[in-house]
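[1] build me a model from this:
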Amino acid sequence: MEKRHDPAPAPAPAPAEGCLVAAIRMPVRIVALVVVVPVRLVWDALVTGGRFLYEKVLVPLGRGVGLLLGAVIVWPFVLLGRYVLAPLGRGLAFLWRVLVAVPAVWLYAHVLAPLGRAAGVALGWIGKALFVWPWVALWRYVLAPVGRGLAWLVRQLGAGAVALGRGLAWLARVLLVVPAAWLYARVLTPIGHAIALLFTGIAAGLHWLAAALYRYLLTPLGLAALALVRWILVLPALALWRWVLVPVGRALGVLLREIGAALGVAWRVAGYVSLAVGRFLATLLRWTFVEPVRWAYRSVLTPLGHVVRDQLWRPAARVAREALGTVRATVRQVRADVRRALFGPGRPPEPPPGEVREPQDAQGRTLDSSTTALTKTAFIKD
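    Predicted structure coming up:
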């Protein structure tokens, strides 16, 4: 029950190369190498320069432009929407709900809806009295009896028409169908048989004549024409294909294959050359520019930046945060004052967790007041 693995097929032997291939290969590869190496060097230089430009110039520039646009355009609109338009919209929505929506809902629910229902019932009764009941009476006492009479009259006329049709059908059968059947059976059928026999004989004679013409005249002429076309056109074309076009095509195929292989080899060799040149230029750039810049950054700019950060930037940031905190607290206080001035003081503030809430006095419920000892409470502050 084990699966039997077939052995892998042996690779096909490489085709034997003739002297033509050996004579074409070396010159073509030399020419391709001379032509392709400069092209590969230029191509690698362009690719490396484009990648460096994209990663080191365009990407940081795009990020900086994005941050600048966000700081100049986006954030002002965000702050405007968050601290101006949103509170204004909430206030307008509250005014709309209090001044328009709630009165309109109450007016619709308690005034317009009952009036509409009463008007609908009244219009329904008026419509029935004006349009429905007269038509019902007209149908029941006028149109229905007239329709029944017309139906009886139509049934009687139909019965008379059926009887008349039966009589006309009997007359047509006696006067037309029986004589026509006798004429077809006794006269037309023998004449048709004689005509069919005559046409059958004529068709058999024509068929014999066509067969003899095809066998003794058209077939010899066709065979002669076919042999003539074969010796004049087919055999010369076959010889031209076999002895001229096929060898020329094989030579062109070998030439094109060798040119393609030479271009591939030259491209790979040019890649190695370009890699070596690029490494040399990268090493030269590193030791002449990158290492001095790195040394200057580590030894000069980094300590200077630490001094600027510790002595200037952090104190300035601390002062700015304190100023922003003060401005934020002022804005909160102003908003609270404006809300208190527009909508009242609102609910009293919640007491701290440590405070004890107890009633001031144990006053009971009175007859002229709905307040109780549980509702009259005060917060005992420290």
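[2] what does stretch 36-53 rub up against?
    Defining contact as CB atoms under 8 Å, 6 or more residues apart in numbering, one finds that stretch 36-53 is touched by 263, 266-267, 269-271, 273-275, 277-278. C-betas here are computed from N, CA, C, even on glycine.
[3] and V72, helix, strand or coil?
    Classification of V72 by DSSP: H, G, I helix; E, B strand; the rest coil places it in helix.
[4] list the contacts of it.
    Per CB under 8 Å, 6+ apart, neighbours of V72: none.
[5] tell me the spacing between it and R82.
    According to CB to CB, to the nearest Å, V72 and R82 sit 17 Å apart.
[6] just A181 next, same as before
    Going from A181 to R82 by CB to CB gives 105 Å.
[7] before we move on, what about P292?
    Separation of P292 from R82 (CB to CB) stands at 49 Å.
[8] now do L88
    Counting by CB to CB, the separation of L88 from R82 is 11 Å.
[9] who touches both of these two?
    Residues within reach of L88 and of R82 at once, by CB under 8 Å, 6+ apart: there are none.
[10] and W135, how far is that from A194?
    Per CB to CB, W135 is found 77 Å from A194.
[11] likewise T200?
    Distance, T200 to A194, using CB to CB: 11 Å.
[12] okay, now V142: neighbour count?
    For V142, the neighbour count with other CB atoms under 10 Å is 10.
[13] doesn't it fall inside a helix?
    Yes - using three-state DSSP, the assignment for V142 is a helix.
[14] for the host helix or strand of G325, the averaged confidence score.
    Take DSSP states H and E as the rule and G325 turns out to sit in helix 314-343. Mean pLDDT, helix 314-343: 82.
[15] for my notes, confirm V293 occurs in a helix.
    Yes - the assignment for V293 (three-state DSSP) places it in a helix.
[16] number of residues surrounding W295?
    Per other CB under 10 Å, the neighbour tally for W295 reads 10.
[17] quick one: the strands in the stretch 201-350 of the chain?
    For the stretch 201-350 of the chain, applying DSSP state E, counting those that start in this stretch gives no strands.
[18] all helices for it, in order.
    219-229, 235-240, 246-285, 291-296, 302-308, 314-343 (DSSP state H, counting those that start in this stretch).
[19] who wins for proximity to A212 among these?
    helix 219-229 (11.1 Å; CB to CB).
[20] buried set for the closest one?
    Buried residues in helix 219-229, counting neighbours by 16 or more other CB atoms under 10 Å, are absent.
[21] straight-line length of stretch 296-314, end to end?
    End-to-end distance for stretch 296-314, by CA to CA, to the nearest Å: 24 Å.
[22] centre of the chain to that stretch, how far?
    Remark: stretch 296-314 is offset 54 Å from the chain centroid, using CA atoms, centre = their mean, to the nearest Å.
[23] same question for stretch 287-301.
    Centre-to-centre, stretch 287-301 and its host chain are 53 Å apart (CA atoms, centre = their mean).
[24] that stretch: end-to-end distance?
    When the termini of stretch 287-301 are compared using CA to CA, they are 20 Å apart.
[25] give me the mean pLDDT for that stretch.
    For stretch 287-301, mean pLDDT rounds to 88.
[26] for G124, helix, strand, or coil?
    Under three-state DSSP, G124 comes out as helix.
[27] for burial, what's the neighbour tally of it?
    Neighbourhood size, G124 [other CB under 10 Å]: 11.
[28] element containing F52, please.
    Using DSSP H and E, F52 sits within helix 19-53.
[29] tilt between that helix and helix 246-285?
    Orientation note: helix 19-53 sits at an angle of 30 degrees relative to helix 246-285 (axes from the mean of the first three to the mean of the last three CA atoms, to 10 degrees).
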